[in-house]
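Visitor: below are the sequence and a predicted model; questions follow.
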Amino acid sequence: MKIKNRYLLLLFIPLLAFSTHKYYLSLTQIKFKEETKSIQIIINVFMDDIEVALNTDYDINLQLTTKKELKDNDVYFQQYLKNKLQFKVNSLEREFSYIGKEYDNDLVYFYLEIENIAKVTSIEVTNTLLLSHFPRQENLIKSEVGNNNKSVLLSKDKYKEKLTYE
């Protein structure tokens, strides 16, 4: 009996070595473009994570990057982002425009823009992307306004931050 248990243990230990630790992280890059008077935003999320969130929230079956992918999926992406992301520029609530998305391997890149911004002294970001589906989700915010670069890591416990630029 002891020999049988040892064999099982020897079989089981290597399997643990191949189990992957899943990271739940998104990246939001914010850049103020003075020449176009706009804030450009690029968000990267893992494709399988955003698919789980939208399929659950909207009772759909996106099937991203397959032949069965929903043709109108941008409607769901735009709605989800509008519900989960808010921006205040210079303490004023500002709506973003959804420009589109792009797939790259296991990532989805979303492109957003806030127009008619003459100057930026502060950006307040509220980012609850994927937080209701993945408790360990973290959302990294990186910003560039002129020569000022700021970063903050948001999570379930801290999902809002005001970044100031002098």
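Guide: Noted; the coordinates are in hand.

Visitor: lowest-confidence helix or strand of the chain?
Guide: helix 2-18 (a mean of 49; mean pLDDT, DSSP states H and E).

Visitor: what's the next secondary structure element after that one?
Guide: strand 25-33 (DSSP states H and E).

Visitor: so what's the residue nearest to the spatial centre of the chain up against?
Guide: Using CA atoms, centre = their mean, the residue of the chain that lies closest to the mean C-alpha position is Ser26, 3.7 Å off. For Ser26, the contacting residues are 43-46, 127, 129-130, 137-140, by CB atoms under 8 Å, 6 or more residues apart in numbering. In short, each C-beta sits where N, CA and C put it, glycine included.

Visitor: just give the nearest non-adjacent residue to Ile99, would you?
Guide: Of all residues not flanking Ile99 in the chain, Tyr111 sits nearest, at 3.9 Å (CB to CB, 6 or more residues apart in numbering).

Visitor: can you confirm that neighbour is in a strand?
Guide: Yes. Counting by DSSP: H, G, I helix; E, B strand; the rest coil, Tyr111 is found in a strand.

Visitor: any idea what it is bridged to?
Guide: In this entry, Tyr111 is beta-bridged to Ile42, Gly100, by DSSP bridges.

Visitor: wait, it touches Lys101, no?
Guide: Yes. Look at Tyr111 against Lys101 with CB atoms under 8 Å: they come within range, at 7.0 Å.
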